[in-house]
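1. Provide a 3D model corresponding to the input given below.
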Amino acid sequence: MSDSAPVGAGAAPQPLPPAPDGILHIRGGIGGMTFQLEELLRGANQLDGMVQQLLDIEAEARRVQEELEPFLYDSYGTGCNAINAVAESRKEVGRVRHDLVGVSASVRASHRDYTETEAKNVLPRVLTLDEMRLSTSIWPPSREVAHNLATMVLPFWVGSRGVIRGLLESPLRPDMRPRPVSIERTNDSVEYVDPSMAESLRRLERLHARNDGEIEVIQFDNNGSPSWMVLIPGTQPKSPTTNPLDVQGIGEALGYDSEDVVPAVGQALREAGAVAGDPVVAVGHSQGGVHAMNLSRDRAFLSGFDLKYVLTAGAPVGGITAEPGISSLHLEHIQDWVPGADGRMNPDTKDRVTVTLTDEVRAPDGEDPGLGPGHDQENYAAGAELVAASHDESLLASTAAFAGVVGAGGVSKVTRFKLERAPMQVRSSGVQPASPPIVRDTKADAGTR
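-> From the prediction side, this is the model:
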């Protein structure tokens with residue numbers, strides 16, 4: 001936070017965004033403009049309290065001055081000196097009060113100007129015809145182009161799930177509607193786990209490559225107390241329709257707040273051994289990042305677990321607001337269009353940091369770029385290593401919050417669960433979703449939801 005003019009120059013303090021840290025463009029956190037202005041606004045409120053105290057002192061000085069007036073008849077010279085001293089002191093207090101009022105007004109003006117500017121920044125910039133032609137001729141588009149296109153094409157989507165729900169609930173495609181999700185324990189192991197952000201994303205990439213709808217639950221021993229990490233991979237398009245992490249799962253994540261996936265994740269945690277109040281970190285890439293962030297606003301899930309932190313990579317989560325006290329870090333890439341696909345900017349708050357990687361990346365020659373090299377998980381893992389090495393105050397605080405939950409790592413219990421969407425059930429009256437039990441455990445008996 002810097003002032004545009006020295007104190008007393010008559011100009012309101014103006015916020016400056018955090019300086020880039022190499023290829024990292026950082027937004028939000030304790031070094032973000034919003035939090036710094038919140039601190040200034042809190043200071044302005046304290047100044048207002050001081051102003052009221054000074055008004056009380058002025059009133060008391062005036063009362064003392066009035067009570068001294070009868071003594072003028074006893075000793076005119078001494079009485080005048082006393083009254084003049086009190087009056088001058090009252091004037092000095094008034095001058096200080098006036099200056100404090102000016103400082104408070106300047107801070108509030110700065111806060112108002114920033115708020116108005118920030119509101120304009122999140123609005124879509126209207127692309128020119130040449131930009132539209134260019135953006136549609138290049139695939140994949142950049143994050144900024146995706147954000148602008150999303151907000152222009154679907155302006156009524158912003159803040160609303162109606163469009164997605166309408167598509168998924170079309171009577172022409174009953175198979176696209178969300179269906180109950182069950183879990184099946186597929187593997188238990190004890191292994192060494194590096195809990196760093198970068199290695200967690202690499203572990204997530206290996207989980208994604210299995211392409212079978214599996215999530216991973218890791219139990220850490222953090223100084224004698226258990227803590228947990230949930231890894232949720234991104235979209236797995238080439239998989240059966242019973243895989244809730246398929247393309248259809250994007251609609252459930254964005255349009256239905258992951259209403260079927262979130263309970264399944266909670267059940268997986270319980271089956272792995274987590275109990276009420278245990279601290280949890282959720283990590284997700286792309287669609288998995290949306291599911292992970294949806295955990296942060298699901299009251300049923302939060303009533304059972306103490307979700308401390310959410311780490312996402314390449315995920316469109318700007319429209320999801322976590323419950324207070326939950327920290328999050330969102331990795332994006334300037335060449336990745338997916339994070340901007342929802343047309344929303346991630347909020348700039350004390351507990352929420354967005355890091356945009358600005359380096360140029362290319363897919364290896366002959367390799368299918370898929371959604372683009374910017375969306376690649378190894379690219380984000382390398383970015384997470386830079387985040388861990390950064391001395392930026394927002395990143396230092398955010399990574400410390402993450403490490404505070406997972407601890408130093410080491411030998412940990414790892415449990416994988418396969419998520420499975422209920423299959424469609426054909427009936428004489430039409431196609432209906434089947435409703436299997438939520439929990440299936442191939443290793444031990446398990447309860448149902």
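2. quick one: buried residues of stretch 267-276?
-> In terms of neighbour count (16 or more other C-beta atoms under 10 Å), stretch 267-276 has its buried residues at Gln267, Ala268, Leu269, Arg270, Glu271, Ala272, Ala274. From N, CA and C alone the C-beta is placed, and that goes for glycine too.
3. any idea which helix is longest in the protein?
-> Taking DSSP state H as the criterion, the chain has its longest helix at helix 76-121.
4. which other helices and strands does it contact?
-> Counting by 3 or more C-beta pairs under 8 Å, 6 or more residues apart in numbering; DSSP states H and E, the packing neighbours recorded for helix 76-121 are helix 33-68.
5. and the helix it packs on, average pLDDT?
-> The average pLDDT for helix 33-68 rounds to 80.
6. could you pull out the strands in the stretch 251-400 of the chain for me?
-> The residue ranges that make up the strands of the stretch 251-400 of the chain, judged by DSSP state E, counting those that start in this stretch, are 279-285, 306-313, 327-333, 352-357.
7. which residues touch the first one?
-> Strand 279-285 is contacted by residues 200-201, 204-205, 208, 222, 227-234, 265, 269, 274, 290-293, 295-296, 305-315, 377, 380, 402, 405-406 when judged by C-beta atoms under 8 Å, 6 or more residues apart in numbering.
8. cool, the third one as well?
-> Counting by C-beta under 8 Å, 6+ apart, the neighbours of strand 327-333 from elsewhere in the structure are 143, 197, 289, 293, 296, 308-315, 317, 322, 339, 346, 351-357, 361, 374-375, 379-380, 383-384, 387, 398-399, 401-402.
9. rerun that using 7 Å as the cut-off
-> 143, 293, 296, 308-315, 317, 322, 339, 346, 351-357, 374, 379-380, 383-384, 398, 401 (C-beta atoms under 7 Å, 6 or more residues apart in numbering).
10. tilt between it and strand 352-357?
-> 20 degrees (axes from the mean of the first three to the mean of the last three C-alpha atoms, to 10 degrees).
11. for strand 327-333, list the C-alpha coordinates in PDB.
-> The C-alpha trace of strand 327-333 is given here as PDB (Å, rounded to 0.1, in the frame of the first residue of the first chain):
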ATOM      1  CA  SER A 327      -8.600 -19.600   3.100                       C
ATOM      2  CA  SER A 328      -8.100 -20.400  -0.600                       C
ATOM      3  CA  LEU A 329      -5.500 -20.000  -3.300                       C
ATOM      4  CA  HIS A 330      -6.400 -20.100  -7.000                       C
ATOM      5  CA  LEU A 331      -3.700 -20.800  -9.600                       C
ATOM      6  CA  GLU A 332      -4.600 -19.500 -13.100                       C
ATOM      7  CA  HIS A 333      -2.600 -19.100 -16.300                       C
END
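12. so it versus strand 306-313, what angle?
-> Using the same axes, to 10 degrees, the interaxial angle of strand 327-333 with respect to strand 306-313 works out to 10 degrees.
13. got the angle for strand 327-333 vs strand 279-285?
-> Direction vectors for strand 327-333 and strand 279-285, defined by the same axes, to 10 degrees, enclose an angle of 10 degrees.
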